[in-house]
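[1] okay, structure incoming, though there's no sequence with it:
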């Protein structure tokens, strides 16, 4: 089994408030960090350039994560479609980059608007870590436990 280059979870109709989405993402980021501190220990909000993104570190605290969704909605609000955020691991080299994209809180019933996508690209450290099938199984279980998706893709 080759190391995955991305992991995607998709699910339907799970309305959540902005506060619930932020809390769920905070818990997921902490679980990723526990899974592998080297790969998932630091996150930055994505921006138009690496320099601008590096100026936007994301502390793994509820208030910072709430703000990262970039909406003016209050914590008790439900989204019109979903609440979304894109994060990056801050890698200096493109080949070491990892991106996490989430869209949460949607009540859509026909498409897959709720998604958690972890893009590992060709990250050398990821390839080495996920060469071990136990580590692949562990990240798969982490995604299943946190998102309870209808569809999970590892490729």
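    Structure received. Everything quoted here is computed from the prediction, not taken from an experiment.
[2] the residue nearest to residue 14 when sequence neighbours are not counted: neighbour count?
    Among residues not flanking residue 14 along the chain, residue 114 sits closest, at 5.7 Å (Cβ to Cβ, 6 or more residues apart in numbering). Placement of C-beta: from N, CA and C, glycine included. Applying other Cβ atoms under 10 Å, we find 26 residues neighbouring residue 114.
[3] next, give phi and psi for residue 114.
    phi -90, psi 120 (degrees, to the nearest 10).
[4] now do the contacts for it.
    Residues counted as contacts of residue 114 (Cβ atoms under 8 Å, 6 or more residues apart in numbering) are 10, 11, 12, 14, 82, 103, 104, 105, 106, 108, 147.
[5] residue 62 now?
    By Cβ under 8 Å, 6+ apart, the contact set of residue 62 is 22, 23, 26.
[6] most neighbours, which of those?
    Neighbours here are counted as other Cβ under 10 Å. On that basis the top member of those is residue 22, with 25 neighbours.
[7] identify the residue spatially nearest to it, adjacent ones excluded.
    The spatial neighbour of residue 22 that comes closest, neighbours along the chain excluded (Cβ to Cβ, 6+ apart), is residue 66 at 4.0 Å.
[8] and what of residue 60?
    Leaving aside its chain neighbours, residue 60 sits nearest to residue 29 (5.0 Å; criterion: Cβ to Cβ, 6+ apart).
[9] pretty sure the one you found sits against residue 65.
    Yes. Here residue 29 lies in contact with residue 65, judged by Cβ atoms under 8 Å, at a distance of 7.4 Å.
[10] same drill for those two, tell me which one is more crowded.
    In terms of neighbours (other Cβ under 10 Å), residue 65 is the more surrounded of residue 29 and residue 65; the figures are 23 against 19.
[11] and that one, that one's in a helix?
    Yes. Applying DSSP: H, G, I helix; E, B strand; the rest coil, one finds residue 65 inside a helix.
[12] let me see the contact set for it.
    Contacts were defined as Cβ under 8 Å, 6+ apart; by that measure residue 65 touches 22, 25, 26, 29, 58, 85.
[13] if anything else comes up later, I'll come back, but that's it for now.
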